[in-house]
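Asker: Quick one, structure for this:
(2 chains)
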Number of protein chains: 2
Amino acid sequence: MRQARLFTPGPTAVPAEVLEAQSRPLIHHRTPAFREALASVTDGLQTIMKTRNPVVVMAASGTGGMDAIVANITRPGDTVIVTEIGKFSERWSEIARAYGVNVVPVEAAWGTPVEPDGVEKAFASHPDAAVLLTTHSETSTGVLQDVEAFARIAHDHGALIGVDGITSIGCHLVDTDAWHLDALVGGSQKGVMIPPGLAYVAVSDAAMERMRGGRHGVYYLDLLKAIKSAQKGDTPFTPAISLVLALRRALEMMIEEGLDEVIRRHARNARAVRAAVRGMGLDLLASHPSNATTAVRIAGGRAGEVTQLMETEYGVKVAGGQAKLKGHIVRLGHIGYYNEGDMFTLITAFEDACVRLQITEKFGAGVSALQAAYAEARR
Amino acid sequence: MRQARLFTPGPTAVPAEVLEAQSRPLIHHRTPAFREALASVTDGLQTIMKTRNPVVVMAASGTGGMDAIVANITRPGDTVIVTEIGKFSERWSEIARAYGVNVVPVEAAWGTPVEPDGVEKAFASHPDAAVLLTTHSETSTGVLQDVEAFARIAHDHGALIGVDGITSIGCHLVDTDAWHLDALVGGSQKGVMIPPGLAYVAVSDAAMERMRGGRHGVYYLDLLKAIKSAQKGDTPFTPAISLVLALRRALEMMIEEGLDEVIRRHARNARAVRAAVRGMGLDLLASHPSNATTAVRIAGGRAGEVTQLMETEYGVKVAGGQAKLKGHIVRLGHIGYYNEGDMFTLITAFEDACVRLQITEKFGAGVSALQAAYAEARR
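Answerer: Predicted coordinates:
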């Protein structure tokens, strides 16, 4: 059996050019060649995050970057507000509690975002809250939140905002400087389509100011130290060299395509996939869907059968639900390097599996809706 | 100009088989294929560290693993004893202080190890010390320490021992279970000869017991959580998939060669390189040399000229000195996948550069001593 193609909300399929970049003989990190690569990566990340803030690249998974934000911009005894709308947004609360920080959760049902009004109320009842920790695209449900509005509210209340952009950067507009995001984290196996193992974090002046006194015990995840090294074109500890070289190539490809077009392509794919799902008569989970992944409700807890059949019969690897959604949703991933042909593969396999499992009735309903959506987009 | 070959004490040259393993289309981490790879990696790491303790693999550089040890096995207000003999052993102290832990340094001049007696005295004057943090092979000086003796002393005083094995694992015997090492950290770009980006940590029952109450705020670097996941064949956060797949291949190669032979090969290369240096009339820095790297004193602060000429003229990349040794030593790296032919390249280039720079006088003195040492080893 051939290896399955990845259509998961991370890790995403890695372009051949990028695999090639990371398979060359290793170079040393204290060399002009590596410094040049790191500078190129930093520039590229600033471009896709639309920021002039310092950006640091860390050898860590995305969670390591989230942890770094909490460890550096909160202080023991702080109160933070967290929008909880799924597994990954709840992680902000887990991290904050691990550091002895008081968490005020603002919850919404999994599948919906928190409304700005909910954040406003939380600040009104907790005027001492120092930081809002929030999630742009919630990977477990495929929901997009209005972080631009959240940032305004946090700043109105004198608080900082820390944003998980792990599955929004590179597939949505993340206008870091215009929205005044204080700390923004991204991951490598998502919009920037390389293997996992790198986190990158952009930090505002206000966030740096807050780091300068009273934060938690921190060493490997010390953002101030990392920024200081970054400003000298370096990293404080040995970087994940092969992944940085892969990232340079991936960012070159994205910038060659153009950020606006990258985002438009993701929006086009996401809209077409949603049209296909509706064409099949299935329900979408997300009221405000992200371009990263489309979560589809599957009745009777049978989502595992669908993902299993898709992988074994068609070599198409998609994700199921996590935590309380396990068995109840399939997540069709389209963050990364995917074109229309890839979505044809994805939807045809999904539809075929659903028909074979008698979850939907007729062949072609999803595929034709997909085709129609792309035709509409081309007009 | 062709890319320089790496003869640095990490990153080391990556075998072609390993580069190939990490350049295949990515697989997802929540799959039987990845679980199998992770299980193989865990077994392989236990083999080269000679332990049945749980081993966790983290997306982090070696420093991340050192940080994890400090964050998990020390508590706020603890006193720890640290053997300080170079840049990396001093890092233990920096990390401990970042967590508000009291540090009792036991120093030795850079180039020499701390004697067991020095550790004994430190415990005698600080009987409350909870942990000894020490370094098996100090990468900045190429010195090997007697961690077996250190472990006995720590345990006699009711303390735990945390060991940096970053440049000893895979090139020296590290007999974790026989020596009762409580926490041992390794890095990926060293003896296991893959690119940087992974740290791995082996943890004893006693260390786990200590983690269960009162440790520092920790989330991404939470070793208890990582061990719990590892026992289910999993990782708590997205692993650095491509590096794990590379590591599987590298460990297979090491186990095929046999750990004893891998260590013998390193010892043979290290002895031959030291003979070559002496043959050239130059001085070794380390009184107790490690098999990882040979530090050579260069008079007049001219080490940078040597490393520069070796790289640009012969495509041989070696490291210079760090911190107070900058300019004063050249570090000839032989940790990893190196055979006699590689050492011929290394020493010939080193000798040629030294003669051209009039640091030594005659061609062939080093190379012939190298050849003689290998001939002796073959008898």
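Asker: use CA for all of it now, contacts and neighbours both
Answerer: OK.
Asker: so who does A:I241 touch?
Answerer: A:L26, A:I27, A:H28, A:H29, A:F34, B:P195, B:P196, B:G197 (CA atoms under 8 Å, 6 or more residues apart in numbering or on different chains).
Asker: Most neighbours among those residues, which one is it?
Answerer: The most crowded member of the contacts of A:I241, judged by other CA atoms under 10 Å in any protein chain shown, is B:P195 (31 neighbours).
Asker: so what's that one closest to, chain neighbours aside?
Answerer: Spatially, and ignoring its direct neighbours in sequence, B:P195 is nearest to B:Q189 (4.9 Å; CA to CA, 6 or more residues apart in numbering or on different chains).
Asker: Flag every residue of the stretch 201-350 of chain A that's near chain B.
Answerer: Residues of the stretch 201-350 of chain A lying close to chain B by CA under 8 Å from any CA of the partner chain are A:H216, A:G217, A:V218, A:Y219, A:Y220, A:F237, A:T238, A:P239, A:A240, A:I241, A:S242.
Asker: Please narrow those to those residing in helices.
Answerer: Secondary structure defined by DSSP state H assigns A:I241, A:S242 of those to helices.
Asker: Dump the residues of the stretch 201-350 of chain A next to chain B into TSV; add distance to A:Q46 as well.
Answerer: Formatted as TSV, those follow (distance: CA to CA, whole Å):
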residue	distance to A:Q46
A:H216	27
A:G217	28
A:V218	25
A:Y219	25
A:Y220	23
A:F237	21
A:T238	22
A:P239	19
A:A240	19
A:I241	19
A:S242	20
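Asker: Narrow the residues of the stretch 201-350 of chain A next to chain B to those that are buried.
Answerer: Neighbour-count burial (16 or more other CA atoms under 10 Å in any protein chain shown) is assigned, among these, to A:H216, A:G217, A:V218, A:Y219, A:Y220, A:F237, A:T238, A:P239, A:A240, A:I241, A:S242.
Asker: show me the contacts for the first one.
Answerer: Put plainly, it is A:H216. Going by CA under 8 Å, 6+ apart, A:H216 touches A:A71, A:N72, A:T74, A:R75, A:P76, A:Y99, B:Y99, B:G217.
Asker: wait, isn't the fifth one in contact with A:G100?
Answerer: This points to A:P76. Yes - contact criterion CA atoms under 8 Å: A:P76 and A:G100 qualify, at 5.9 Å.
Asker: do you know how far the single nearest residue of the stretch 251-379 of chain A relative to chain B is from B:I329?
Answerer: Going by CA to the nearest CA, chain B is nearest to A:K317 of the stretch 251-379 of chain A, at 8.2 Å. For A:K317, the distance to B:I329 (CA to CA, to the nearest Å) stands at 52 Å.
Asker: Those two: which has the busier surroundings?
Answerer: The neighbour comparison of A:K317 against B:I329 (other CA under 10 Å) goes to B:I329, with 28 against 25.
Asker: surely the more buried one meets B:T294?
Answerer: No - when contacts are counted by CA under 8 Å, B:I329 is not listed as touching B:T294 (9.6 Å).
Asker: Between these two, which contacts overlap?
Answerer: B:L285.
Asker: And the pLDDT for A:A373?
Answerer: On the pLDDT scale, A:A373 is placed at 98.
Asker: how about the nearest residue to it, chain neighbours excluded?
Answerer: Ranked by CA to CA, 6+ apart and with sequence neighbours excluded, the top spatial neighbour of A:A373 is A:A272, at 5.0 Å.
Asker: before we move on, back to that, what's the most distant pair in the buried ones among the residues of the stretch 201-350 of chain A next to chain B?
Answerer: By the measure CA to CA, A:H216 and A:S242 form the most distant pair in these, at 31.0 Å.
Asker: mean confidence score for the longest helix seen in chain A?
Answerer: When chain A is parsed with DSSP H, its longest helix is helix A:259-279. The pLDDT scores in helix A:259-279 average 98.
Asker: can I get the CA coordinates of it in PDB?
Answerer: Output of helix A:259-279 as PDB, limited to C-alpha atoms (Å, rounded to 0.1, in the frame of the first residue of the first chain):
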ATOM      1  CA  LEU A 259       0.900  36.300   0.300                       C
ATOM      2  CA  ASP A 260      -2.400  37.700  -1.000                       C
ATOM      3  CA  GLU A 261      -2.700  34.900  -3.600                       C
ATOM      4  CA  VAL A 262      -1.700  32.300  -1.000                       C
ATOM      5  CA  ILE A 263      -4.600  33.500   1.200                       C
ATOM      6  CA  ARG A 264      -7.000  33.700  -1.700                       C
ATOM      7  CA  ARG A 265      -6.100  30.100  -2.700                       C
ATOM      8  CA  HIS A 266      -6.800  28.900   0.800                       C
ATOM      9  CA  ALA A 267     -10.100  30.800   0.900                       C
ATOM     10  CA  ARG A 268     -11.100  29.300  -2.500                       C
ATOM     11  CA  ASN A 269     -10.200  25.800  -1.500                       C
ATOM     12  CA  ALA A 270     -12.000  26.200   1.900                       C
ATOM     13  CA  ARG A 271     -15.200  27.600   0.200                       C
ATOM     14  CA  ALA A 272     -15.200  24.900  -2.400                       C
ATOM     15  CA  VAL A 273     -14.800  22.100   0.200                       C
ATOM     16  CA  ARG A 274     -17.600  23.600   2.300                       C
ATOM     17  CA  ALA A 275     -19.800  23.700  -0.800                       C
ATOM     18  CA  ALA A 276     -19.000  20.000  -1.400                       C
ATOM     19  CA  VAL A 277     -19.900  19.100   2.100                       C
ATOM     20  CA  ARG A 278     -23.200  20.900   1.900                       C
ATOM     21  CA  GLY A 279     -23.800  19.300  -1.500                       C
END
